[in-house]
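[1] model the structure of this input:
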Amino acid sequence: MTPEDLLARLGAPLSLRRRVGYLVLTFAALTGSGLIGLLWATEPGLPPRTKVAFAVLMAIGLGWAAFGGWALTRRTPLFARDRVIAGWLGVGAWLAFTVGAFIITTLRHKVEPSLLAVVVTLGVVAVVHLRVARRARAALLRRRTELTGR
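    Modelled structure (predicted):
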């Protein structure tokens, strides 16, 4: 592969496969947030902790929907920026889940080892995905700089 071919591939916008993936992500996130909102609206007398949990879940879903919409509207090469943003969204969602789960659990019960195992596993997965995304972006940007000299 010549440097010109590689530059053309690096400078290409999102592929059709990625666009369809982001479209599915956007619709799934909007559907999930909408269904949670409908459940919240049609269930009177929910306890405050349930209302807070629903609000957090809706915020996470809307965040993913906004990210999918953002990625779909980009016409320029992303150089794995979308992966880094998705990684940060994953870490943020994990933090929101962790804080909420521990607040709800410690107010009502003792912290179970199974909850702790799930939280730690989700955290490790989120952080690993973020790290991989940041390294991929750095490698792509380094490669672009090597090829273009800028």
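
[2] tell me where the longest helix sits in this structure.
    Among the elements of the chain assigned as helix by DSSP state H, the one spanning the most residues is helix 113-148.

[3] flag every buried residue along that one.
    For helix 113-148, a neighbour-count test (16 or more other C-beta atoms under 10 Å) marks 119, 122-123, 126, 129-130, 133, 137, 140, 144 as buried. Any C-beta I mention is one placed from the backbone N, CA and C, and that applies to glycine too.

[4] got the phi/psi numbers for S15?
    Reported as degrees, to the nearest 10, the phi and psi values for S15 are phi -70, psi 170.

[5] can you pull the pLDDT of it?
    pLDDT, S15: 80.

[6] look up how far T42 lies from it.
    Here S15 is placed at a distance of 40 Å from T42 (C-beta to C-beta, to the nearest Å).

[7] one step back: check which helices and strands the longest helix of the chain sits against.
    The contact analysis (3 or more C-beta pairs under 8 Å, 6 or more residues apart in numbering; DSSP states H and E) places helix 113-148 against helix 3-10, helix 81-108.

[8] the last one - contacts with which helices or strands?
    Applying 3+ C-beta pairs under 8 Å, 6+ apart, one finds that helix 81-108 makes contact with helix 48-73, helix 113-148.

[9] and the longest one with helix 81-108, angle?
    If I follow you right, that is helix 113-148. For helix 113-148 against helix 81-108, the angle by axes from the mean of the first three to the mean of the last three C-alpha atoms, to 10 degrees is 160 degrees.

[10] distance from helix 113-148 to the middle of the chain?
    Averaging C-alpha positions (C-alpha atoms, centre = their mean, to the nearest Å) puts helix 113-148 12 Å from its chain's average.
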